[in-house]
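Enquirer: need a 3D model of the sequence below.
(chains A and B)
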Amino acid sequence: MPTSQRTSDPHNRTLLRRSLLTAAIAVMLLTAMLLVPPTAQASAQLQSTSTPTPQPTPTFDILRLEKPVIAADHSEQVKKGSILYWGICMACHGDGGQGLSEEWKDAFGAEDRNCWQSGCHGPDHPPQGFLIPKDKIIPAVAGSGMLTRFKNSQELHDYILANMPWWDPGQLTDEESWQVTAYILSLHKVMPREFELADTNASAIRTQSAVPQPSDDRPAVVTVLGILAFAAIGMIAQDLRKNKARGPERPNFFHHLHPPTIPALQARLRHTLGAGGLAVFLCLVLLVTGILEMFYYIPVPEHAAVSVEIITSLVPFGALIRNLHFWGAQALMIVMTVHLLRVVLTGAYARHRRLNYLIGLGMLVLVTLLDFTGYVLRWDEGIRWALVVGTNLLKTVPWIGDWLYQLALGGSEPGLSSLERFYTWHIFVLTLAMVVLGAWHIFRVRRDGGVAVPPPDQREDHSRISRFDLVRREALVMIIAGVTLLFVSYMFPAPIERPITQTLVDIENARAPWFFLWVQQMLKYGDPFALGVLLPAGLLTLLAILPYTLPQAGSHEFGRWFPRGNRVAQIVIVIVALALIVLTILAILPTPQL
Amino acid sequence: MKNISRRDFLKVSTNSLLALAGLLGLGGLLRYLSYQFDPTPTSEFDIGPASRYPRKSSTILAHIPAIVIHDDNGIRVISLVCSHLGCNVEERNFGFECPCHSSRYDLDGRVLKGPANRDLKKLRVEESEDGNLHVFTS
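Expert: Have a look, this model is predicted:
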């Protein structure tokens, strides 16, 4: 129907051309807009870390002795370090870390230029001053070829802690030494952005090689995003054109995965919302990005969070890969829920499709487990309490609780073997189960007669579309979804927090992952076993028995939204969905202060 | 090429955009995979004062790995990494033998028998200011 209306009359062509032009301009504007922030940031970074240019004549520059201004996107640690450096280190080591060079001496007032000959730092210095031997070279701490004696930032920190400031070593606390180290590394241009140096991760930050900043990737990502957006426009334009008739085309591998033709009515978005296909695409994205993350992720408690930080901050395009994996997983959760709602609200699970409904439900459980195990793999402070609560819930099961707990954790508390277990479940067992159930699910769709049965009044329409058109449409949906996912991943970073330490820290974020917020909210109301284990299990059972207990839609009702036949099931699932949404909102709302 | 239809133009340009994006993605993938996490291993070893290696002695330093030979010609340090494919050679009465492919070297590290066709590497030794010997592997 929709395609037959389109003709190639000149008016429509102009319209098409115009809309394409508008879309192209919009994409160009978007690209330009996206390109702006990184360059602005780059210049801000240059400002904060640029080494001062040597000045030919001695100039007393009071501004250079002022408190340094640090670009806003630097971490708190670097900012605090800059203040410490300014107060303690800068007089000798220079405002750009250049050391006590002639150029830096000239920045002082005339009476201070020969520090060690004037009273303050000469042999006869006053009590509050200190001696700088005349032949003492005060080294530069930043710039090419500097800091070579330190292999990594841990060594630099240890040196500063033990030896600086020169006149009173040991004055800095451990924390202050980290701050100064971070600031010096940022002067030296090897400090990754948004990275908190600590003894757990410092050995990963080397003092010599300049690390690629995530922002360095941004122009490249934007370029690819723009190219893909233009390609998407081209594909839309091709799809809109009538007269797709072409010479004989040889089906390729992807065509062969589809039936030769399917009824045209089945391919309509309003029946399927495209959710099933999108879920397949997201699974592919998750598979590829997940494999890439495995190249750098280390499933060991001491290294896990640090290796995630390294992927995010140091590896070229690592932040993008990780964001794609994160947002792909969030999107998959939503898309699967939409898919489930569509299937129930159109009564599509009736009769012989009951088995496939159960397979799909099984995949929903798998994805939930995959999301939870993947979330735990971060092994940072952000997941700590979700892990503790989630596994302690197992303990509440009568009789077999302790056994279940040890089965899940591989020990009597979260540790090395727990992480190893979560890793294996996540990357292998659950993923493999997903592949098996997914293939079975798709096979059953085809065996059961396609994605959706058309409504009765249209079943006489025997027009069919070929697999070539089908594959083209799938490619189109994929590229639009891909561009959207890339855009979201580019704009919004996936969360990461500091590595888990065994010390008692303030819990900044004890929130469950968003898809478990409803459980977290219910747990506030009473018995953990009843509300945290039995109730979710009961909900799942309720969903599973929908096709077996409640009345179903008759065949005369297929292809329509909200058929009369399974009205009860529709009401049940809408109530469940609303309850979960309300609980989630309650969990997000701040707790009233007493 | 003059008579290219609008449809073909659209198809060709779309496909080339997709190919370009794919190529760029491949480049990004290669950059992603080429990140080096481990720092380059040190190539300078402090092996202590020369007095630790008396005349007529040979000392194996397993962590380099190398052998320090002090004879009438002075102190020499010979690498114990086989010049063939990098296994560590083992001491024999005739000199050294590689356990992997049976290359043989004499006590001075000269090739006695292939497949290796280069002698064991002589490592540069320098005495630093504090009197310790420093061995350089590269």
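Enquirer: neighbours of the spatially closest residue to A:His352 that is not a sequence neighbour, how many?
Expert: Excluding its sequence neighbours, the residue lying closest to A:His352 (Cβ to Cβ, 6 or more residues apart in numbering or on different chains) is A:Asp448, at 5.9 Å. To be clear about C-beta, it is placed using only N, CA and C from the backbone, and glycine gets the same treatment. The number of residues packed near A:Asp448 is 16, by other Cβ atoms under 10 Å in any protein chain shown.
Enquirer: ok, A:Asp448 - contacts?
Expert: With contacts taken as Cβ atoms under 8 Å, 6 or more residues apart in numbering or on different chains, A:Asp448 has the following neighbours: A:His352, A:Arg353, A:Asn356.
Enquirer: where does it fall, phi/psi-wise?
Expert: Backbone geometry at A:Asp448, expressed as degrees, to the nearest 10, gives phi -80, psi 0.
Enquirer: which residue does chain B have closest to chain A?
Expert: When you check chain B against chain A by Cβ to the nearest Cβ, the closest residue turns out to be B:Thr14, at 3.1 Å.
Enquirer: can you pull the pLDDT of that residue?
Expert: With respect to pLDDT, B:Thr14 has a value of 89.
Enquirer: element containing it?
Expert: Assignment of secondary structure by DSSP states H and E places B:Thr14 within helix B:6-33.
Enquirer: output the helix or strand just after that helix as CSV, nothing but the C-alphas.
Expert: Toward the C-terminal end, the helix or strand that comes next after helix B:6-33 (DSSP H and E) is strand B:44-49. Taking only C-alpha atoms (Å, rounded to 0.1, in the frame of the first residue of the first chain), the coordinates of strand B:44-49 have been written out as CSV:
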residue,chain,number,x,y,z
GLU,B,44,70.0,-1.6,31.3
PHE,B,45,71.0,-3.9,34.2
ASP,B,46,73.1,-2.9,37.2
ILE,B,47,75.2,-6.1,37.9
GLY,B,48,77.1,-4.8,40.9
PRO,B,49,80.8,-4.0,41.4
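Enquirer: what about strand B:44-49, distance to the chain center?
Expert: Relative to the mean C-alpha coordinate of its chain, strand B:44-49 is positioned 19 Å out (Cα atoms, centre = their mean, to the nearest Å).
Enquirer: what about it, near chain A?
Expert: No: Strand B:44-49 stays clear of chain A (Cβ under 8 Å from any Cβ of the partner chain), getting no nearer than 11.9 Å.
Enquirer: which elements pack onto that strand?
Expert: Strand B:44-49 is packed against strand B:132-136, with contacts defined by 3 or more Cβ pairs under 8 Å, 6 or more residues apart in numbering or on different chains; DSSP states H and E.
Enquirer: how far does the strand it packs on sit from the chain's center?
Expert: So, by Cα atoms, centre = their mean, the centroid of strand B:132-136 is 18 Å from its chain's centroid.
Enquirer: got the contact list for B:Lys113?
Expert: By Cβ under 8 Å, 6+ apart, the contact set of B:Lys113 is B:Ser102, B:Ser103, B:Arg104.
Enquirer: which ones are touching the second one?
Expert: Just to be clear, that refers to B:Ser103. When contacts are counted by Cβ under 8 Å, 6+ apart, B:Ser103 touches B:Cys82, B:Ser83, B:His84, B:Val89, B:Glu97, B:Val111, B:Lys113, B:Gly114, B:Pro115, B:Ala116.
Enquirer: let's see 6 Å
Expert: Under the criterion of Cβ atoms under 6 Å, 6 or more residues apart in numbering or on different chains, the contact list for B:Ser103 reads B:Cys82, B:His84, B:Pro115, B:Ala116.
Enquirer: distance of it from A:Arg384?
Expert: Taking Cβ to Cβ, to the nearest Å as the measure, B:Ser103 falls 54 Å from A:Arg384.
Enquirer: after the lowest-mean-pLDDT helix or strand in chain B, next one along is what?
Expert: Counting by mean pLDDT, DSSP states H and E, the weakest-scoring helix or strand in chain B turns out to be strand B:44-49, with a mean of 81. Heading C-terminal from strand B:44-49, the first helix or strand you meet, by DSSP H and E, is strand B:57-61.
Enquirer: buried ones in that following strand, by neighbour count?
Expert: For strand B:57-61, the buried set under the neighbour-count rule, 16 or more other Cβ atoms under 10 Å in any protein chain shown, comprises B:Leu61.
Enquirer: stretch B:115-130 now?
Expert: Residues of stretch B:115-130 classed as buried by neighbour count (16+ other Cβ under 10 Å): B:Ala116, B:Leu120, B:Lys121, B:Leu123, B:Val125.
Enquirer: again, but for stretch A:398-417
Expert: Judged by neighbour count (16+ other Cβ under 10 Å), stretch A:398-417 contains these buried residues: A:Gly401, A:Leu404, A:Tyr405, A:Ala408, A:Leu409, A:Gly410, A:Pro414.
Enquirer: and for that stretch, what's in contact with it?
Expert: With contact meaning Cβ under 6 Å, 6+ apart, stretch A:398-417 is reached by A:Pro301, A:Leu387, A:Thr391, A:Leu394, A:Lys395, A:Val397, A:Ser418, A:Arg421.
Enquirer: from A:Leu394, how far out is the first one?
Expert: Looking back up the chat, that one is A:Pro301. Distance, A:Pro301 to A:Leu394, using Cβ to Cβ: 20 Å.
Enquirer: now do the helices in the stretch 401-550 of chain A.
Expert: Assigned helices in the stretch 401-550 of chain A, in chain order: A:401-409, A:416-424, A:430-447, A:467-491, A:517-523, A:528, A:535-549 (criterion: DSSP state H, counting those that start in this stretch).
Enquirer: let me have those helices in CSV, extended by mean pLDDT.
Expert: As requested, the helices of the stretch 401-550 of chain A are exported to CSV (pLDDT from 0 to 100):
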stretch, mean pLDDT
helix A:401-409, 89
helix A:416-424, 92
helix A:430-447, 93
helix A:467-491, 89
helix A:517-523, 87
helix A:528, 86
helix A:535-549, 90
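Enquirer: next, count neighbours for the nearest residue to B:Ala21 once chain neighbours are set aside.
Expert: Excluding its sequence neighbours, the residue lying closest to B:Ala21 (Cβ to Cβ, 6+ apart) is A:Ile227, at 4.5 Å. With neighbours defined by other Cβ under 10 Å, the count for A:Ile227 comes to 23.
Enquirer: A helix includes A:Ile227, no?
Expert: Yes: with DSSP: H, G, I helix; E, B strand; the rest coil as the criterion, A:Ile227 is located in a helix.
Enquirer: that one reaches B:Leu23, doesn't it?
Expert: No: counting by Cβ atoms under 6 Å, no contact exists between A:Ile227 and B:Leu23, whose distance comes to 9.9 Å.
Enquirer: torsion angles phi and psi at the nearest residue to B:Gly95 once chain neighbours are set aside?
Expert: Here the nearest residue to B:Gly95 in space, its sequence neighbours aside, is B:Asp106; by Cβ to Cβ, 6+ apart that works out to 4.1 Å. Note on B:Asp106: backbone dihedrals following degrees, to the nearest 10 are phi -80, psi -170.
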